[in-house]
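Visitor: Just a sequence and a predicted model for now, questions to come.
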Amino acid sequence: MFADAAQALYHENAPEVLSHVNAVYIKNESGQKTLSLYIDDGSFRWDLYNQQHFLMLWLKERHGEQIDVVKTYPSRLGMRDRHPFKTANSLDDQRKVAKKTITQGEREHIEKTAQSIADPWLKRRFIEAMTASLERGIKAEK
């Protein structure tokens, strides 16, 4: 039911959101039905919390599940390893793309572009980021 609501809310981005959800519980707490979500990323946790009224409405309208309260929690320790909704379409799996070898010309272009960065740490991180992007076939826009 929760995956259905997430699909309706996030459309093509639902697999990415669901890949960060580690557990979903519907509990009776003090006479109220509570939807408890454990999420391993603060940005997704914040967004799902802000969408709680949509989630409650969707679950009631589509599945007949009356939810009174939505609570979101940060996943900790071993719970972060649970991924009940993770699919092959998630961003984490897309990142496992085979690396391509970048050309000497591309490497020289990165070095030349980085010359204007004064901070050595920032310069090194820039070079690493640009190299990683090119190895994954991502071309930078000017």
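Guide: Yes, it's here. Predicted, not measured: the structure shown is a model, and the values here were computed from it.
Visitor: Just give me the neighbour total for the residue lying closest to Lys99 once chain neighbours are set aside.
Guide: Among residues not flanking Lys99 along the chain, Glu135 sits closest, at 4.2 Å (C-beta to C-beta, 6 or more residues apart in numbering). C-betas here are computed from N, CA, C, even on glycine. For Glu135, the count of nearby residues is 15 (other C-beta atoms under 10 Å).
Visitor: Which pLDDT value belongs to Glu135?
Guide: If you check Glu135, the pLDDT there is 81.
Visitor: For it, list the residues it contacts.
Guide: Counting by C-beta atoms under 8 Å, 6 or more residues apart in numbering, Glu135 makes contact with 99-102.
Visitor: Can you turn the buried part of those residues into a ChimeraX selection?
Guide: Per 16 or more other C-beta atoms under 10 Å, the buried members of those correspond to this ChimeraX selection:
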select :102
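Visitor: mind giving me the domain split of the protein?
Guide: The chain breaks down into these domains under automatic domain parsing: 2-92, 97-142.
Visitor: most tightly surrounded among the ones you listed?
Guide: domain 2-92 (a mean of 15; mean count of other C-beta atoms under 10 Å).
Visitor: Show me the shaky parts of the protein.
Guide: Counting by pLDDT under 70, the chain shows low-confidence ranges at 87-98, 138-142.
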